[in-house]
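# When you get a sec, could you give me coordinates for this:
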Amino acid sequence: MNKKEYLFPILLILLTVVFVGVSLAVILTRGKSAKWVNRKMKIGALMLSMTLPSLAGAQVTDSLPPVVTCYYPVILNEMTINNSEGKMLKIQKRKDKIIKGNITSRVGNNFSYSIKDSSGNEVQAQEVLPADGNFDSYTEDFEIEINRKIKHGEYILYLYSMLVSEQTKNNHTAVYKLNVR
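Numbers count the residues shown, from 1 in each chain. Predicted coordinates for the structure are as follows:
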């Protein structure tokens with residue numbers, strides 16, 4: 001073991017002893033001394049910042065998912081469209097033949113979309129493919145090419161984290177209103 005491996009447990013033990021001492025001071029002042037409460041919070045935060053990365057066991061990189069806490073769970077296979085205004089996407093048929101988006105927290109390789117008219121009739125549906133050709137990253141960009149046969153009007157774009165053959169009415173990942181002009 002090197003020096004760093006010895007120092008961490010010793011420093012943590014010392015901080016624990018100081019934390020217990022400061023906690024006793026807070027108890028003795030019945031929590032009315034802002035100075036002691038502030039010290040307790042700072043020492044506790046320091047201890048947490050030292051121990052949480054080692055408890056997680058991994059660094060966050062492009063290939064590893066972020067550490068999940070009980071407060072903010074990671075949404076897997078989150079599909080979003082670039083340049084949308086909220087959940088509304090406006091396309092000028094002559095200019096914008098391709099819709100660009102991305103998948104974050106990707107854990108699968110099967111993604112698809114479906115474009116339906118206001119009556120619920122499917123106008124276009126295909127698999128979503130990664131822009132770089134391979135699903136090899138935790139975050140992937142994708143492109144959807146709009147069929148030239150789609151007429152001007154209002155549509156709904158459904159994004160799925162599954163194959164086209166597995167799509168049903170309620171198992172989509174995201175929904176966008178699509179205005180084709």
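
# what about the closest residue to residue 97 other than its chain neighbours, distance to residue 130?
Spatial nearest neighbour of residue 97, excluding adjacent residues (C-beta to C-beta, 6 or more residues apart in numbering): residue 146 at 5.5 Å. Every C-beta, even on glycine, is put in place using the N, C-alpha and C of the backbone. Here the criterion is C-beta to C-beta, to the nearest Å. By it, residue 146 lies 18 Å from residue 130.

# Report the distance from the longest helix anywhere in the chain to the chain centre.
Longest helix of the chain, by residue count under DSSP state H: helix 3-28. Offset of helix 3-28 from its chain centre (C-alpha atoms, centre = their mean, to the nearest Å): 35 Å.

# Which positions in the next helix or strand after that helix come out as buried?
Where DSSP states H and E defines the elements, the next helix or strand beyond helix 3-28 is helix 34-56. Buried residues in helix 34-56, defined by neighbour count with 16 or more other C-beta atoms under 10 Å: 36, 37, 39, 40, 43, 47.

# Tabulate the residues you listed (JSON lines), appending distance to residue 150.
Below are the buried residues of helix 34-56 laid out as JSON lines (distance: C-beta to C-beta, whole Å):
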{"residue": "36", "distance to residue 150": "67"}
{"residue": "37", "distance to residue 150": "63"}
{"residue": "39", "distance to residue 150": "65"}
{"residue": "40", "distance to residue 150": "63"}
{"residue": "43", "distance to residue 150": "62"}
{"residue": "47", "distance to residue 150": "58"}
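
# Check which helices and strands the longest helix of the chain sits against.
helix 34-56 (3 or more C-beta pairs under 8 Å, 6 or more residues apart in numbering; DSSP states H and E).

# angle of the helix it packs on against helix 3-28?
Counting by axes from the mean of the first three to the mean of the last three C-alpha atoms, to 10 degrees, helix 34-56 lies at 140 degrees to helix 3-28.

# quick one: contacts for residue 78?
Neighbouring residues of residue 78 by C-beta atoms under 8 Å, 6 or more residues apart in numbering: 103, 104, 105, 173, 174.

# wait, is residue 157 part of a helix?
No - counting by DSSP: H, G, I helix; E, B strand; the rest coil, residue 157 falls outside a helix, being strand.
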